[in-house]
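Trainee: predicted model and sequence below, questions to follow.
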Amino acid sequence: MPTRRQFLYTGAAALAGAAGVGCDGYLESYRLQLKRIEIPLRRLPHEFDGFTIAQLSDFHYEEHFSAVPIRRSVELVNSLGPDLVVLTGDFVTAPLVNLKHHASRQAAKTAAPCAELLQHLRAPSGVFAVLGNHDAYANPAAVTSALQQHRITVLKNSCVPIERGQKRFWLAGIDDALEGEPDLGAAIQKIPSGENIILLAHEPDFADEAALTPVDLQLSGHSHGGQIWIPGIGAPWLPPLARRYPRGLYKIEKTVLYTNIGIGTIRAPIRINCVPEVTLITLRCV
C-alpha cells in the first residue's frame, strides 16, 4: 500500500498533468532564481561584516537537463562577485538499483563534466565543496578527484581558515551523513575555542547534531525543496534527513541553518514552485 506522502505525491502529479502545468514544471527546472539573505552571526569578527558567500547545491549533472541551469548559475555567481563560493553536494545522480557497481561507476563519470562547468566559478577566498549522498553512493573517490582536479577543494571531516588581515573564521565540511562517514568532531577539533565556524553539510537535518557543538552556521542542500511544493501543504515527498528543515532559514539552538533547494533534479526534470536556486549570503556581525 502506498504511504500517505506517496499518495499525495501521485495525486499532485496527476492534478498537475490534468491542469496542464506539467510542461510549466519542466520549464521551471530551467529557470534560475537568485535569493539574497543576510545572516547575523554572534561570533563573527567585524572584519567579515558584509562578507558574501554564494551557495550552490544538488547539481545532479545531466548533459541535456541540469547542464543548462548549472551554466547559468556559474555565470550568475561570477557576475555577483562573492567573496567565497560553497557547493553543498550531489554532483552526480546515483542509480536506483546498483548492479555490481557498474551503474554507480557510470554515474560517477558525470562528475568530470560537472566539475568542468564549475571550475569557472571565481571567488577571492576560494571554492569549496562537500559530497552529497548520491556522490558517496556512486563513487566518492572519483567525484572528489574530479572536483579537485578542477581547482575545487573538497572538505571531508576537515576545516580551513578563511582570513581577512589578522582575523578569521573557519569553514568546515563533513562527509555525507547518509552514505559516508561523517565525523563532525574531527572536522572542528583543531578550531580554537570562541572562533566562528561555518559548516558545510549536505543533509539539513544534520543541524540537530551540529547545534550540540560550537557551529554557528550550517549550509545544506539535499531536499530539492521536494521538487514539487504545494501551497498550504508543502512538499508531498522529501528525502531522509531533509524533512525537518526542507528549505530556507532556520534557527536551532544557537546554530543558524540555511537549506538551498538546489540546481538540478532527480528521476524527472520537473520542478513546481521550486525554481533552481543560487543563494547569496551576506554575513553580518551581531
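Mentor: Looks like it arrived, so ask away. Numbers count the residues shown, from 1 in each chain.
Trainee: what does the model give the nearest residue to residue 214 once chain neighbours are set aside for pLDDT?
Mentor: Nearest residue to residue 214, sequence neighbours excluded (CB to CB, 6 or more residues apart in numbering): residue 197, at 5.9 Å. Using the backbone N, CA and C atoms, a C-beta is placed for each residue, glycine as well. We have a pLDDT of 98 for residue 197.
Trainee: burial measure for residue 197, as a count.
Mentor: A total of 22 residues lie near residue 197 under the criterion other CB atoms under 10 Å.
Trainee: same question for residue 64.
Mentor: For residue 64, the count of nearby residues is 7 (other CB under 10 Å).
Trainee: now it: how far from residue 90?
Mentor: Distance, residue 64 to residue 90, using CB to CB, to the nearest Å: 18 Å.
Trainee: tell me if residue 55 really is in a strand.
Mentor: Yes: applying DSSP: H, G, I helix; E, B strand; the rest coil, one finds residue 55 inside a strand.
Trainee: check contacts around it.
Mentor: 85-88, 219, 258, 260, 278-281 (CB atoms under 8 Å, 6 or more residues apart in numbering).
Trainee: what do you get if the cut-off is 10 Å, keeping everything else the same?
Mentor: Residues in contact with residue 55, defined by CB atoms under 10 Å, 6 or more residues apart in numbering, are 35, 37, 77, 82, 84-88, 200, 219-221, 258-260, 277-281.
Trainee: so what's it bridging to?
Mentor: Here residue 55 sits in beta bridges with residue 86, residue 279, going by DSSP bridges.
Trainee: residue 47 in helix, strand or coil?
Mentor: The assignment at residue 47 comes out as helix when based on three-state DSSP.
Trainee: which residues touch the residue nearest to residue 214?
Mentor: Counting by CB under 10 Å, 6+ apart, residue 197 has contacts 41, 43, 159, 169-172, 187-188, 191, 210, 213-218, 255.
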